[in-house]
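J.: The sequence isn't on hand, but the structure is:
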């Protein structure tokens, strides 16, 4: 039996693979702090009560037929108003596209802009850009980033690769690191994009920037910056990816939105009519009402962010405590999103059973079985398996879970030779 070449060579998500292993072990009674998937335990982090009530009301009112292909007018208007209030971005409802979460948006950006063999640039580590590049037969240029710059690309990192590229993919706050661009860092990159586009002729594709800001509302003491607010002329080249999944703990509600140049958004809309990636109508109706209620949004975010930040700080403090005890570990102070970036420099060590931990995946499964702690290696985000950095997502765990796993981590690392 044969399938397409694309399907034959498609690589599944390493994050989901690890998560499935964790779920299997937990079903057998294992006590594991699951710091893998970028999801939220809905019993610890429920969606806003007003949003829940709005969804229930919409179903009771039988709003269960097809929504418009680009999303309900009421939701697109609410998004438009929120963008203006929150980020001082001027996008009409017609330039906003509603989808079932942000993944269809990213796929549509790639399919709308990228032809086979076109150059696409993205930093590593970063979430899923390698898979979308594969799905579009792009010429993927992976730009290695450095710990010294919080694993974010600099203008100098990107400059050698821009010639001939059609898409640059950026994310802030960044999945997997939870780190963020400063105003200066993002400004320098935007200036590069503008300079590159000035060099191009009328018959050439522009260099577009896909800017994923799905975590933009989840920041801890740092300001979020975006390209068009910094440089209005970037509006012709920037496609934003955003939505409710992370900012409202609504990963399963599946309401995302993208916005950008009219030509691109219209083509993305046309493409997705053939995919059927619409957000459910009742959820759209409820999000439209909730997003327009500034007081409800702010009250929810204040409480939600405080809880996330407390968990991130607890985990960061625990790693730093291990570092002070002489363990070969490091972590980067959390800035936003759900994630802490952790270094566990124990590749090549030998476990008590004699197994050598040859790569980051080996270490992940050693910790699952011996520390009751599940992390995601940076190899799931494009890096080599020799890189000893890991993503820890706190959304699926309670604060007590995090406190409980730290002594187990210390014991498991101590057992390595």
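T.: Good, I have the coordinates. Keep in mind that what you see is a predicted model, and the values were worked out from it rather than measured. Residues are numbered from 1 along each chain as shown.
J.: what's around residue 280, how many residues?
T.: Using other C-beta atoms under 10 Å, the number of residues around residue 280 comes to 18. Quick note: C-beta positions are derived from backbone N, CA and C, even for glycine.
J.: Please identify the next secondary structure element, helix or strand, after the helix-or-strand element of the chain with minimal mean pLDDT.
T.: Among the helices and strands of the chain, helix 14-27 carries the lowest confidence by mean pLDDT, DSSP states H and E, at a mean of 80. Proceeding N to C from helix 14-27, the next assigned helix or strand is strand 33-34, under DSSP states H and E.
J.: mean confidence for the helix or strand just after that following strand?
T.: Following strand 33-34 in sequence order, the next helix or strand is helix 49-60 (DSSP H and E). The pLDDT scores in helix 49-60 average 98.
J.: who touches whatever helix or strand comes next after helix 49-60?
T.: Once the chain leaves helix 49-60, the next helix or strand it forms, by DSSP H and E, is helix 73-87. Contacts to helix 73-87, defined as C-beta atoms under 8 Å, 6 or more residues apart in numbering, come from residues 70, 89-94, 96, 98, 216-217, 224, 226, 229, 255, 257, 259, 284-285, 287-289, 291-292, 294.
J.: Now find how far off-centre helix 73-87 is within its chain.
T.: Distance of helix 73-87 from its chain centroid, counting by C-alpha atoms, centre = their mean, to the nearest Å, is 21 Å.
J.: What average pLDDT does it get?
T.: The predicted model assigns helix 73-87 a mean pLDDT of 98.
J.: repeat for stretch 246-264
T.: For stretch 246-264, the per-residue pLDDT averages 97.
J.: That stretch: which residues count as buried?
T.: The neighbour-count check on stretch 246-264 (16 or more other C-beta atoms under 10 Å) flags 246-251, 253-261, 264 as buried.
J.: Go through the helix or strand encompassing residue 269 and flag the buried ones.
T.: Assigned by DSSP H and E, residue 269 falls within helix 262-273. Within helix 262-273, the residues scored as buried using 16+ other C-beta under 10 Å are 264-265, 267-269, 271-272.
J.: Quick check: next helix or strand after it?
T.: Counting by DSSP H and E, what follows helix 262-273 is helix 281-291.
J.: What lies in contact with that next one?
T.: For helix 281-291, contacts defined as C-beta under 8 Å, 6+ apart pick out 48, 50-51, 53-55, 57-59, 63-67, 71-72, 74-75, 77-79, 82, 98, 244, 248, 253-255, 296-297.
J.: Can you give the distance of that helix from its chain's centre?
T.: For helix 281-291, the separation from the chain centroid amounts to 22 Å (computed by C-alpha atoms, centre = their mean).
J.: With stretch 404-415 instead?
T.: Centroid separation for stretch 404-415 versus its chain: 28 Å, with C-alpha atoms, centre = their mean.
J.: Next one: residue 366 from residue 211, what distance?
T.: Applying C-beta to C-beta, to the nearest Å, the value for residue 366 to residue 211 is 37 Å.
J.: Neighbour count for these two, which is higher?
T.: More neighbours surround residue 211 than the other of residue 366 and residue 211, with 24 against 21 (other C-beta under 10 Å).
J.: now the more buried one, what's its secondary structure?
T.: Assigned by DSSP: H, G, I helix; E, B strand; the rest coil, the conformation of residue 211 is strand.
J.: residues touching residue 211, list them.
T.: Applying C-beta under 8 Å, 6+ apart to residue 211 gives the contacts 170-172, 226-227, 238-241.
J.: Would you format those as JSON lines with secondary structure and distance to residue 378 included?
T.: Output for those, formatted as JSON lines (DSSP: H, G, I helix; E, B strand; the rest coil; distance: C-beta to C-beta, whole Å):
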{"residue": "170", "secondary structure": "strand", "distance to residue 378": "17"}
{"residue": "171", "secondary structure": "strand", "distance to residue 378": "15"}
{"residue": "172", "secondary structure": "coil", "distance to residue 378": "18"}
{"residue": "226", "secondary structure": "coil", "distance to residue 378": "25"}
{"residue": "227", "secondary structure": "helix", "distance to residue 378": "26"}
{"residue": "238", "secondary structure": "strand", "distance to residue 378": "27"}
{"residue": "239", "secondary structure": "strand", "distance to residue 378": "26"}
{"residue": "240", "secondary structure": "strand", "distance to residue 378": "25"}
{"residue": "241", "secondary structure": "strand", "distance to residue 378": "21"}
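J.: out of these, who's nearest residue 416?
T.: Checking these against residue 416 with C-beta to C-beta, the nearest one is residue 171 at 33.2 Å.
J.: and that closest one, how many residues sit next to it?
T.: Neighbours of residue 171 under the rule other C-beta under 10 Å: 24.
J.: What of the one 4 residues further on?
T.: Per other C-beta under 10 Å, the neighbour tally for residue 175 reads 22.
J.: hang on, it in a strand?
T.: No - under the criterion used here (three-state DSSP), residue 175 is coil, not part of a strand.
J.: That one and residue 44, how far apart?
T.: Per C-beta to C-beta, residue 175 is found 20 Å from residue 44.
J.: Please apply the same query to residue 245.
T.: Per C-beta to C-beta, residue 245 is found 16 Å from residue 44.
J.: Over to residue 169?
T.: Distance, residue 169 to residue 44, by C-beta to C-beta: 31 Å.
J.: so what's the nearest residue to residue 200 once chain neighbours are set aside up against?
T.: Leaving out its chain neighbours, the residue that sits closest to residue 200 by C-beta to C-beta, 6 or more residues apart in numbering is residue 206, at 6.4 Å. Going by C-beta under 8 Å, 6+ apart, residue 206 touches 166, 197, 200, 236-237.
J.: By neighbour count, which of those wins?
T.: Neighbour max across these (other C-beta under 10 Å) = residue 237, 22 neighbours.
J.: And that one, its phi and psi?
T.: When read as degrees, to the nearest 10, the backbone of residue 237 gives phi -120, psi 0.
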